[in-house]
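K.L.:
need coordinates for the following:
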Amino acid sequence: MSRKIAVTSLNASTIDIINTIRANASMEYQSLVPQITQAQEIPKVGEILYGYPALANQFLNALINRIALVRVKSATFNNAYAELKKGYLEFGETVEEVFVNIAKAREFSAEKAESREFKRTLPDVRTAFHAMNWRVQYPVTIQDEDLRMAFMSAEGVQDLIARIVDSVYTASEYDEYLLFKYLMIKAISHGKMYPVSIGTGSDMKEGAKAYRGASNKLTFISDKYNADGVHTNTSKDDQFIFMDADYNASYDVEVLASAFNMDKADFMGRLKLIDDWTTFDNDRFEVIRANSDMIEAVTAEELALMANVKAVLVDREWFQIYDNQNKFTETYVASGEYWNYFYNVWKTVSSSPFSNAIVFVTTGANTTLDATKTVKIVDKSEGKEGLALSMEMLQGSVLKPIGGNAEFVQNEDATVNGIGVKDYGALLVPLPLDALSASVIDLDMKVNGENYSADNFNVKTAKVGDEITFTKDA
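P.N.:
Below you'll find the model as predicted:
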C-alpha cells in the first residue's frame, strides 16, 4: 500500500540537525566533528567538513537521504492523489492485472446432462499488463561553497535543505500530479470513460442529481461503465470524484456530500480537486518527449474536448500507478569542487480497463455514438490448419460512450465459410483459403448495444494495417 505524504514540519534547528547527523555517522566522523551546543560553534563544524571531503560527503548524504526526507513531507506542494497509487514494486517491471468475468447461467436440463457432464466450460478471463514506463532523473549540484556558506549562519543548513527539496522533491511531486491528470485527459478524450450529462452545468441541483444517480448505479454490477465491458461494480467506499477547482467552488460541500450519500468527512476524503481540465503543462516533459517515447503531448484537440468536462468519478483501482524506484545517487567532482546528486524516479503509470470510470459533461459535449467505426487489423498469424486475424477498434480523439470495446459477432456469412469469430476481435479462418465457399464476407459487431456491419471484407487479401469501416445499422 502506498503511503500518503503527511503534512508535517521540520522543526529542528541547524544545531539539532548537525548533532543528529553526527550521532548517526561513522566513528571517524564522530571523532573529528565535535558535538555543539551554541550557534557560535556552527562555523567550526563547517571548517572541519570543508577540509575533509570524505566527511563532507558523509554529511551531505545524511542531509539528503535522512533529513531532507523529513523536509519534503512539509513541502508546500504534495501530490494529493498519492493515496490512489498502488504501492512500491520491490521486484519486476510488469504488473499483470487479471479479471475473471462472471459466469453465464444456462437452463437446467436432465436430458442434456449426459452430453454436458464432461464438457469444459472455460471462464471468461481478461488480462491487462502494466509495464514500467516512467524512468526519469532530477539532477542537483551542491558546490563546496554552498556547503561552506551553510555553516555561516544559524539557519544555513535549513536553507540548504530547502534548496534541495524545492529543486528535486517538489519537482517530482508536481510531475506525479501531472501524470494522474495526463491519464484522465487521455482516457476521456479517447472514449475510455462513460459520459453522463449534467445539463448546462449551471443548475447545481441538476448536477447533484446526476452525481447521485451515477454513484448509486456504480454499486450495481454492470458492463456499461468500464473500458473492457466486464461485469463489475464499485462500492461507495471505493469511489473517488475529481472536480476542477472553480466548478467545485460553486457547490456547497454539504450538497455534494449528500449527492454521494456520504457524510461530510467521508466525502472530503474522496474528493480530489484538479486545477482545471483544459490546460496541461506540456513544457514540463519537453525534454523527455524529445529523447524518449515515455509520454505523448496532450494535444490542443484533446484539451478542446475537455472544455465540457466538469467532474470524473472513478473506482480507486482505475489508477494503476506504482513506484518502482525512488533513489538518490551522487558523485563528487574533484576538478570542480562540487557534488552532483541524481534523484532517480521509476514508475509504472497506467489505468485499468476493468475498473469503472464516469465523466460528467455539459450539454455541449457530443456523446452520441458515431455513425461509423474504424477497425484495424493488428496481427496476422498462419499455422498448419488455420489463419488468425486480430482486429482492434480505433477509438479516435472523441468523447463518446464506451460500453466496452467492440464485441464482434458470429454471423451467417462466417458460419457458412467455417470461419470462427471471437467476440474480442479474432477471426479464425480455415486453410487452404481457396477452399472457402466465398472469400468476401460481411462482418458484424456491437458497440454499446448498437449494431454495426461492414460489407465485402476480403479474407484472402487482408493484411496487417488494413482498416475496415463499420456502419451503424439504421
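
K.L.:
name the nearest residue to residue 298, sequence neighbours excluded.
P.N.:
Among residues not flanking residue 298 along the chain, residue 280 sits closest, at 4.1 Å (C-beta to C-beta, 6 or more residues apart in numbering). Just so you know, the C-beta spots here come from the backbone N, C-alpha and C atoms, and that holds for glycine as well.

K.L.:
pLDDT wise, what is residue 71 at?
P.N.:
For residue 71, the pLDDT comes out at 49.

K.L.:
equivalent analysis for residue 297, please.
P.N.:
Looking at residue 297, its pLDDT stands at 94.

K.L.:
so it, which state does it fall into?
P.N.:
coil (DSSP: H, G, I helix; E, B strand; the rest coil).

K.L.:
can you start the count at 667 instead of 1 from here on
P.N.:
Fine by me, first position is 667 from now on; the one you just mentioned is residue 963.

K.L.:
returning to what we had before: so what does the residue nearest to residue 964 look like in phi/psi?
P.N.:
Backbone torsions of residue 946, given as degrees, to the nearest 10, read phi -150, psi 140.

K.L.:
what comes up buried for stretch 691-709?
P.N.:
The neighbour-count check on stretch 691-709 (16 or more other C-beta atoms under 10 Å) flags 691, 695, 698-699, 702, 708 as buried.

K.L.:
hang on, I meant stretch 930-944
P.N.:
In stretch 930-944, counting by 16+ other C-beta under 10 Å, buried: 933, 936-938, 940, 943.

K.L.:
ok, stretch 985-1005 next?
P.N.:
985-990, 994, 998, 1004-1005.

K.L.:
just those: which are in strands?
P.N.:
Among these, DSSP state E puts 985-990, 994, 998, 1004-1005 in strands.

K.L.:
quick one: which of the residues you listed is nearest residue 1106?
P.N.:
Distance to residue 1106, by C-beta to C-beta, is smallest for residue 986 among those, at 41.6 Å.

K.L.:
in helices, which of the buried residues of stretch 930-944 fall?
P.N.:
Among the buried residues of stretch 930-944, the ones falling in helices (DSSP state H) are 933, 936.

K.L.:
pipe the buried residues of stretch 930-944 into JSON lines and attach distance to residue 803 and pLDDT per row.
P.N.:
Converted to JSON lines, the buried residues of stretch 930-944 look like this (distance: C-beta to C-beta, whole Å; pLDDT from 0 to 100):
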{"residue": "933", "distance to residue 803": "39", "pLDDT": "82"}
{"residue": "936", "distance to residue 803": "34", "pLDDT": "89"}
{"residue": "937", "distance to residue 803": "34", "pLDDT": "91"}
{"residue": "938", "distance to residue 803": "28", "pLDDT": "95"}
{"residue": "940", "distance to residue 803": "27", "pLDDT": "95"}
{"residue": "943", "distance to residue 803": "30", "pLDDT": "96"}
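
K.L.:
and the buried residues of stretch 930-944 as JSON lines, adding distance to residue 884?
P.N.:
What follows is these, written out as JSON lines (distance: C-beta to C-beta, whole Å):
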{"residue": "933", "distance to residue 884": "15"}
{"residue": "936", "distance to residue 884": "13"}
{"residue": "937", "distance to residue 884": "16"}
{"residue": "938", "distance to residue 884": "17"}
{"residue": "940", "distance to residue 884": "20"}
{"residue": "943", "distance to residue 884": "21"}
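
K.L.:
ok, so of the buried residues of stretch 930-944, who is nearest residue 744?
P.N.:
residue 938 (12.8 Å).

K.L.:
show me what contacts the closest one?
P.N.:
Listed by C-beta atoms under 8 Å, 6 or more residues apart in numbering, the contact partners of residue 938 are 746-747, 906-909.

K.L.:
what are the boundaries of the helices in the stretch 967-1116 of the chain?
P.N.:
Counting by DSSP state H, counting those that start in this stretch, one finds helices in the stretch 967-1116 of the chain at the ranges 1078-1082.

K.L.:
tell me where it has strands.
P.N.:
With DSSP state E, counting those that start in this stretch, the ranges of strands along the stretch 967-1116 of the chain come out as 975-981, 985-999, 1004-1017, 1023-1027, 1038-1048, 1052-1059, 1073-1075, 1086-1088, 1092-1096, 1106-1113, 1116-1124.

K.L.:
so which of the ones you listed is the most surrounded?
P.N.:
strand 1023-1027 (a mean of 26; mean count of other C-beta atoms under 10 Å).

K.L.:
go through the protein and flag its longest helix.
P.N.:
Max-length helix for the chain by DSSP H is helix 836-855.

K.L.:
residue 1058 is in contact with residue 1044, isn't it?
P.N.:
Yes - here residue 1058 reaches residue 1044: they are 5.0 Å apart, a contact under C-beta atoms under 8 Å.

K.L.:
after the longest helix of the chain comes which helix or strand?
P.N.:
strand 860-863 (DSSP states H and E).

K.L.:
partners of that next one, with directions?
P.N.:
Strand pairing for strand 860-863, using DSSP bridges, gives strand 1023-1027 (parallel).

K.L.:
got a list of contacts for the strand it pairs with?
P.N.:
Outside strand 1023-1027, the residues touching it (C-beta under 8 Å, 6+ apart) are 853-854, 858-864, 873, 876-877, 880, 884, 891-893, 974-981, 984, 1017, 1033, 1065.

K.L.:
circling back: tell me the one of the buried residues of stretch 985-1005 nearest residue 767?
P.N.:
residue 986 (18.8 Å).

K.L.:
partner residues bridging that closest one?
P.N.:
residue 1016.

K.L.:
which ones are touching it?
P.N.:
Per C-beta under 8 Å, 6+ apart, neighbours of residue 986: 752, 761, 763, 796, 1014-1018.

K.L.:
how does it look with 6 Å?
P.N.:
796, 1016-1018 (C-beta atoms under 6 Å, 6 or more residues apart in numbering).
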